[in-house]
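In: this one's structure only:
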């Protein structure tokens, strides 16, 4: 913006100066020409009385004195055709002046001045030539002064424009910095009301109002999620009591594990809803332990539905930058999708291994594969909520990784969850 304002001022100032200085330069040249012509004409007018009344010797002496004092050639064309003073040919201007007309004409070497003087024997013509050096005397210096003045005015205009642009750009840069801080979830960032134009003050006020509104909306959303999660505690408690009343130990253990998983998810929601800012750095867990635990949980259901499970875990521990409950929710979401979107008896595989500084969790199955837009949050083409893969993606991104989905060449789906290493506080 500063550059554009400077260019605008430079262009405007230059055009204004051109419109002003060019006519002034031409005027200076015209004044110099007229001044030199007037001086030469006055010199000739001074000898006109002598030329009109004196004899030839008197005229010759007067002309020689004028040439010596003025430094210009002076010629007197007598009616009999003789020439006194500087030798010169009869020019068209001299011929015209012989008819009684005084005039000034331009020559290649300067300016020619001829004056007709009446004598008893006829018209005498007095002629002089003003050299171009005299005609343009002082013009180059005046033009240099005008050019320097124009340059100074352009520089002054640029300096003023730069200060003006700086007074406009600095508040805009401050507003941009505050908006970037808000984008990084620094919700306490506020813009100082600038002392610039009223439009900037209005923008700063609107940005501060937006930040306050964001804080209010986030606080209300957190409280609503926390309240909803807390309400789930009551039916979970009742469900746990029902599970504990089961007489079959295997069924009781399997259902109790499911209730524990739901309770962990609810606890995680409450804790996340209470966060006032971004999660603290340093969240970490052993991915191998979490994945092994969740696969063991789902293996019971896989056995009931006739699914073969192939588990490949690298030797642990495999620390990742994600909380245990978050990673467990991601694994549950991926394995839940396998059970929800493939038929009974379809096998699946789970692999966990370090790769290029990350820990990669891969879940693959032999089902129908994915359709277009399956990773879009809240969108599903199979009748589900469409949030499962998004939960897994957010867990990966929070750890510094990402989510990648693809179809197996031989059929089925492959989901790769790349988890970054734990982050440490500086």
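Out: Cool, got the structure. Worth saying up front: this structure is predicted, and the values here are computed from it rather than measured.
In: which residues of the protein score low on pLDDT?
Out: Applying pLDDT under 70 to the chain picks out residues 1, 194-196, 226-231, 233-234, 267-282, 371-388, 424-426.
In: domains of it?
Out: The chain resolves into domains spanning 2-137, 141-230, 232-277, 280-419 when parsed by automatic domain parsing.
In: Walking through the stretch 301-426 of the chain, point out its strands one by one.
Out: Counting by DSSP state E, counting those that start in this stretch, one finds strands in the stretch 301-426 of the chain at the ranges 309-313, 319-320, 348-355, 358-365, 402-407, 413-419.
In: ditto for the stretch 101-250 of the chain
Out: 103-107, 110-119, 122-131.
In: The ones you listed: which one's closest to residue 367?
Out: Closest approach to residue 367 among the strands of the stretch 101-250 of the chain (CB to CB): strand 103-107, 100.3 Å. Heads up, the C-betas are built off the backbone N, CA and C, glycines and all.
In: That closest one pairs with which strands?
Out: strand 110-119 (antiparallel) (DSSP bridges).
In: For the partner strand, buried residues please.
Out: 110, 111, 112, 113, 114, 115, 116, 117 (16 or more other CB atoms under 10 Å).
In: Turn those residues into a markdown table, including distance to residue 420.
Out: Converted to a markdown table, the buried residues of strand 110-119 look like this (distance: CB to CB, whole Å):
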| residue | distance to residue 420 |
| --- | --- |
| 110 | 88 |
| 111 | 89 |
| 112 | 94 |
| 113 | 95 |
| 114 | 99 |
| 115 | 101 |
| 116 | 105 |
| 117 | 108 |
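In: nearest to residue 20, of these?
Out: Looking across these and measuring by CB to CB, the closest to residue 20 is residue 111, at 27.9 Å.
In: Just list whatever residues bridge to that closest one.
Out: Legend: beta-bridge partners of residue 111 under DSSP bridges are residue 106, residue 130.
In: From the contact counts, what lies against the helix or strand that contains residue 21?
Out: Residue 21 belongs to helix 2-53 when assigned by DSSP states H and E. In this structure, helix 2-53 makes packing contacts with helix 56-70, strand 74-77, strand 110-119, strand 122-131, helix 132-135, helix 139-183, judged by 3 or more CB pairs under 8 Å, 6 or more residues apart in numbering; DSSP states H and E.
In: winner for burial among these?
Out: Greatest average neighbour count among these goes to strand 74-77 (a mean of 24), per mean count of other CB atoms under 10 Å.
In: what sits up against the very next helix or strand once past that one?
Out: Remark: after strand 74-77, the chain's next helix or strand is strand 83-85, criterion DSSP H and E. Contacts with strand 83-85, where a contact means CB atoms under 8 Å, 6 or more residues apart in numbering, come from 56, 59, 60, 63, 64, 67, 73, 74, 75, 76, 77, 78.
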